[in-house]
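J.: Following is a predicted model, sequence given first.
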Amino acid sequence: MMAIWFRVVLVLAMAMPMLVLYAISALGPFLTLDLHFKPESLGYLLMNSFGLAAVLSLWAGAFVDRVGTRYSLIVLFSTIAFAFTLIATAQNFYGLLVATAICGVAQALANPVTNLLITQQVPPEKKAKAVGLKQAGVQLAALFAGLVLPGIALRYGWQTAFGLIVPVAVLLGIAAPLFTPGKHSGTNRGFSLSPPNSLLMWLIVTQFCVGVSLSAFVTFLPTFAARQGMPLSLAGSLIAVFGVMGVISRIVLTPIGAKLKDESALLLLLIAIAACAIAVTMHADLENHWLLWIGAASMGLTAAGTNAIAMSMLVRDPKFGPVTITSGYVSVGFFSGFALGPPLFGVLSSSSPDMSSGWVVLIGVLMAACLTVLALASARRRKTQALAVAASHGQRTSTVKM
């Protein structure tokens with residue numbers, strides 16, 4: 001039973017911080033109508049949140065190392081409870097800006113604390129599966145936001161929809177210590193930053209590109225669908241479809257990637273398909289809503305799974321560096337992309353009624369990600385060969401001495 005609850009905490013520690021993205025996406029039409037701001041401004045809310053998360057991620061790994069998983073989880077869930085309270089009581093766009101920024105604290109902590117928990121408590125042969133499960137929490141948030149929140153907002157108002165998250169976060173903050181180690185051998189590692197190695201740098205850039213495209217796609221998909229004549233309730237359901245496919249992707253593809261000699265080939269395939277999914281989405285119109293469903297499902301199945309595979313690389317391969325520090329660095333890239341994507345798309349799409357300029361740029365960003373994955377695979381191959389040569393030289397030296 002404890003093992004089950006441990007996994008629940010892992011999943012929700014990832015789901016709750018990312019819920020702000022999908023909730024604002026699914027409820028964006030309600031927010032813009034009630035608080036009287038332009039749909040393009042939704043991007044600035046997410047830039048606020050993920051921009052702060054990107055900055056804090058530089059030191060989040062060191063923070064988790066120092067205070068331990070128990071206190072990190074308490075900070076994570078308490079921050080979510082406070083932020084969603086502010087969102088539910090916001091009276092204008094600026095109130096939303098403050099509230100969403102606070103979510104950035106929890107987002108920065110999510111990957112380092114959950115990856116450290118897996119490193120400490122999960123056997124090596126089960127680590128990849130555990131990473132896939134906890135990363136599926138992000139898409140579970142999308143499923144919940146798309147499937148549940150629009151219906152609540154239609155009946156009781158968007159304030160109630162956001163407010164329902166608060167007691168859940170409070171309970172998790174109280175319960176989390178029951179499922180984390182009682183003792184923590186904290187490190188004295190300082191908060192100074194060391195530069196990432198070449199492997200980690202290419203992975204960071206790849207996740208940045210994916211973050212740009214994924215966040216912009218998810219944020220503006222319901223708004224784009226509404227412009228194509230889709231009812232608001234159905235437009236929100238697109239996020240639910242994205243979430244379902246994302247859960248499947250992260251649970252299924254992460255263990256598959258772990259069985260490969262190099263997960264880079266799988267990353268390349270997923271990112272290329274994601275670019276095609278955006279190309280399909282942008283051709284939707286009043287008579288072809290089915291293209292929206294195809295695009296949402298395909299992005300969930302591909303782009304959403306890449307972050308889980310990246311985190312699995314960090315947990316399984318020490319060549320990237322210490323897991324908490326590397327998790328923070330990759331989160332910097334991913335969250336920087338999440339922060340930049342929505343406002344960039346908003347500015348680009350405002351110049352074209354069909355948002356075509358924005359969609360084309362997202363495709364281009366994903367094509368750039370394909371190139372960085374190829375560079376990652378090359379750097380990883382050279383690193384492996386160098387280590388093999390060094391090991392062989394060491395063995396020969398040892399033999400000579402004998």
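T.: Structure's in. What do you need?
J.: need the strands for the chain, in chain order.
T.: Read by DSSP state E, the chain holds no strands at all.
J.: so where's it shaky on pLDDT?
T.: In the predicted model, the chain carries pLDDT under 70 at residues 1-2, 181-193, 387-402.
J.: just the helices in it please.
T.: Using DSSP state H, the helices of the chain run over 2-35, 42-88, 93-121, 127-147, 149-156, 158-163, 165-175, 198-227, 232-259, 264-281, 290-301, 303-316, 323-349, 356-401.
J.: Quick check: buried residues in the first one?
T.: By neighbour count on 16 or more other C-beta atoms under 10 Å, the buried set for helix 2-35 is 6-7, 9-32, 35. C-beta: built from backbone N, CA, C; applies to glycine.
J.: is it true that Leu238 touches Ala226?
T.: No. With contact defined as C-beta atoms under 8 Å, Leu238 does not reach Ala226; the gap is 10.2 Å.
J.: okay, those two: which has more neighbours?
T.: When Leu238 and Ala226 are compared on other C-beta atoms under 10 Å, the one with more neighbours turns out to be Leu238, at 28 against 17.
J.: got a list of what the residue nearest to that one when sequence neighbours are not counted touches?
T.: Of all residues not flanking Leu238 in the chain, Ala296 sits nearest, at 4.5 Å (C-beta to C-beta, 6 or more residues apart in numbering). Taking C-beta atoms under 8 Å, 6 or more residues apart in numbering as the criterion, Ala296 is in contact with Leu221, Leu238, Ile239, Val241, Phe242, Met245, Thr281.
J.: Next up, the contacts around the third one.
T.: For Ile239, the contact set (C-beta under 8 Å, 6+ apart) comprises Tyr22, Ser25, Ala26, Ala142, Leu143, Ala145, Gly146, Val218, Leu221, Pro222, Ala296.
J.: So which of those is the closest to Val332?
T.: Lowest distance from Val332 to the contacts of Ile239 (C-beta to C-beta) belongs to Val218, with 19.8 Å.
J.: Tell me the spacing between the closest one and Ser352.
T.: Between Val218 and Ser352 the computed distance is 20 Å (C-beta to C-beta, to the nearest Å).
J.: the more surrounded of those two?
T.: Between Val218 and Ser352, Val218 has the larger neighbour count (other C-beta under 10 Å), namely 31 against 12.
J.: Now that one: closest residue in space that isn't a chain neighbour?
T.: Ser25 (5.2 Å).
J.: Relative to Pro150, how far out is that neighbour?
T.: 10 Å.
J.: shared neighbours, these two?
T.: Common neighbours of Ser25 and Pro150 (C-beta under 8 Å, 6+ apart) do not exist.
J.: contacting residues around Val323?
T.: Asn115, Leu116, Thr119, Leu314, Val315.
J.: Neighbour-wise, give me the winner out of those.
T.: When neighbours are counted by other C-beta under 10 Å, Asn115 leads the contacts of Val323 with 29 neighbours.
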